[in-house]
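Chemist: With the input below, show me the fold.
(2 chains)
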Amino acid sequence: MTIYSLYIYDRHCTCVYYHDWHRTRRPKPAVERGILPAVSQAVVAPAAETNSSTFTIYSSPRNTLTSASGVVVAVNEMNAQSTVSPLLQAPPSPVGISSTGLSFDEEVKLVYGVVLSLRNMIKKLSGRDEQFLNYRTSAYKLHLFETLSGYKFVMLSDPGTESLRFVLRQIYVGPFLEYVVRNPLVNMDSKEYGIDNEYFRTSVDRMIRGSSFFP
Amino acid sequence: MAIFGLWVINKAGGLVYQRSFADGLAQLTSNEYLVLAGTLHGIHAITSRLSPIPGQSSGAQVIEGETFKISVLLTLTGTKFILLTSPAEPASSIDVLLQKIYTTYAEKVMQNPFHTPEMPIRSEAFDVSLGALIS
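Modeler: Numbering: from 1, shown residues only, chains lettered A, B, ... in the order given. This is a model prediction of the structure:
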């Protein structure tokens, strides 16, 4: 049983978080400004990253040892990027593997559209206030868990998996409440930022990798 | 363990046959069924594009809700057979039933010289043999 990826959407219908594990088709980087900052470092357009790498050591706020006369006394080797944990950095993209053909922001919107349409269809068909749980194709299975506040947790796994709804619920009850809702620095309901932060990402990663169905 | 309904959708996405068997789902007008069938046709196409692994993915084959599930059989000609059942029905028996429905469709509808392909199905023989199959 393999888990491929996790998306979290807020009530404004935008993707606020993305995490992937075994996904062999790398998502193509998003069109610049197509996604909010702080969703996932892995899919930020490369132009943004080259900009930040041109920050020299002289402009790093941690560097207090250069002198104004041009003679460098001691140089802080660390640049601003090194404080980012390894998980937040973009994984190296494998050579020659094609993605779904869509850029990340288009793919994210398609996933949301499918989830929303299926949810409405199931509500209409049953006539009651019924939840859409999951759907399966020959290649993957998509699981949905929706909270009362409108947050939708979407997970893609291989088709043989049983319902992963309880796993999504555990992610909500554990890392999400702990490191996002109760985190005063995370702006949850904004339309400009995602909810990516180091604690949330590492605890979600630890939870999924440590669970019994992750190879 | 019940079968709630059967829809047949042509390759353009239009509903050509709809029938309810057991109660359990809401009663909708025929217009609403048409809209839902078109939506499902579109969703089926999109789900085959969202695959996270390389290689071909089929469209959605099983869609589960809390009190019912939707099973889809996509034939080589683009016709979709949609079966709405209770969630407890085992997947193997649903697949067998969908194949039998497809066979009945080939016999009673396609071999009928007065039936226009991709048009709504108005065939008493099809209705009768479906009733025998599902009950």
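
Chemist: what about the top helix by length along chain B, near chain A?
Modeler: When chain B is scanned for its longest helix (criterion: DSSP state H), the result is helix B:30-47. Yes - residues of helix B:30-47 contacting chain A under Cβ under 8 Å from any Cβ of the partner chain: B:E32, B:L36, B:T39, B:L40, B:G42, B:I43, B:I46, B:T47. Using the backbone N, CA and C atoms, a C-beta is placed for each residue, glycine as well.

Chemist: surely the last one meets B:Q61?
Modeler: No - because the distance of 9.1 Å does not satisfy Cβ atoms under 8 Å, B:T47 is recorded as not touching B:Q61.

Chemist: ok, now which ones touch A:R128?
Modeler: Residues near A:R128 by Cβ atoms under 8 Å, 6 or more residues apart in numbering or on different chains: B:A26, B:T67.

Chemist: Just say helix, strand or coil for it.
Modeler: Secondary structure, DSSP: H, G, I helix; E, B strand; the rest coil: A:R128 is coil.

Chemist: what about the helices in the chain?
Modeler: I'll assume chain A. Secondary structure of chain A, counting by DSSP H: helices at A:46-53, A:104-126, A:165-171, A:198-210.

Chemist: Hmm, no, I was thinking of chain B.
Modeler: Ranges of helices in chain B, per DSSP H, are B:30-47, B:91-105, B:124-133.

Chemist: picking that back up, what's the angle from the longest helix of chain B to helix A:104-126?
Modeler: Helix B:30-47 and helix A:104-126 meet at an angle of 150 degrees, taking axes from the mean of the first three to the mean of the last three Cα atoms, to 10 degrees as the criterion.

Chemist: what's around the residue of chain B found nearest chain A, how many residues?
Modeler: Nearest residue of chain B to chain A: B:A26, at 2.8 Å (Cβ to the nearest Cβ). Burial measure for B:A26: 12 neighbouring residues, criterion other Cβ atoms under 10 Å in any protein chain shown.

Chemist: for the longest helix of chain B, packing partners?
Modeler: helix A:104-126, strand B:3-9, strand B:15-20, strand B:69-74, strand B:80-85 (3 or more Cβ pairs under 8 Å, 6 or more residues apart in numbering or on different chains; DSSP states H and E).

Chemist: what about the longest one, average pLDDT?
Modeler: For helix A:104-126, the mean pLDDT works out to 90.

Chemist: hang on, the earlier thing: can I get the helices of chain A in CSV with mean neighbour count and distance to A:H143?
Modeler: Output for the helices of chain A, formatted as CSV (neighbours: other Cβ atoms under 10 Å in any protein chain shown; distance: least, Cβ to Cβ, whole Å):
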stretch, mean neighbour count, distance to A:H143
helix A:46-53, 11, 31
helix A:104-126, 19, 10
helix A:165-171, 18, 6
helix A:198-210, 15, 13
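
Chemist: Quick one, which of those gets closest to chain B.
Modeler: Taking Cβ to the nearest Cβ, helix A:104-126 is the member of these nearest to chain B, at 4.3 Å.

Chemist: Can you spell out which helices and strands pack onto that closest one?
Modeler: Judged by 3+ Cβ pairs under 8 Å, 6+ apart, the packing partners of helix A:104-126 are strand A:3-9, strand A:15-20, strand A:132-136, strand A:141-146, strand A:152-157, helix B:30-47, strand B:62-65.

Chemist: Out of those, flag the one nearest A:R165.
Modeler: Closest approach to A:R165 among the helices and strands packed on helix A:104-126 is made by strand A:141-146 (5.3 Å; Cβ to Cβ).

Chemist: got the CA coordinates for the closest one in PDB?
Modeler: Backbone C-alpha positions of strand A:141-146 (Å, rounded to 0.1, in the frame of the first residue of the first chain) are rendered in PDB as follows:
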ATOM      1  CA  LYS A 141      -7.700   5.900  -5.200                       C
ATOM      2  CA  LEU A 142      -8.700   9.300  -3.900                       C
ATOM      3  CA  HIS A 143      -9.900   9.700  -0.300                       C
ATOM      4  CA  LEU A 144     -11.700  12.800   1.100                       C
ATOM      5  CA  PHE A 145     -12.200  14.000   4.600                       C
ATOM      6  CA  GLU A 146     -14.100  17.200   5.100                       C
END
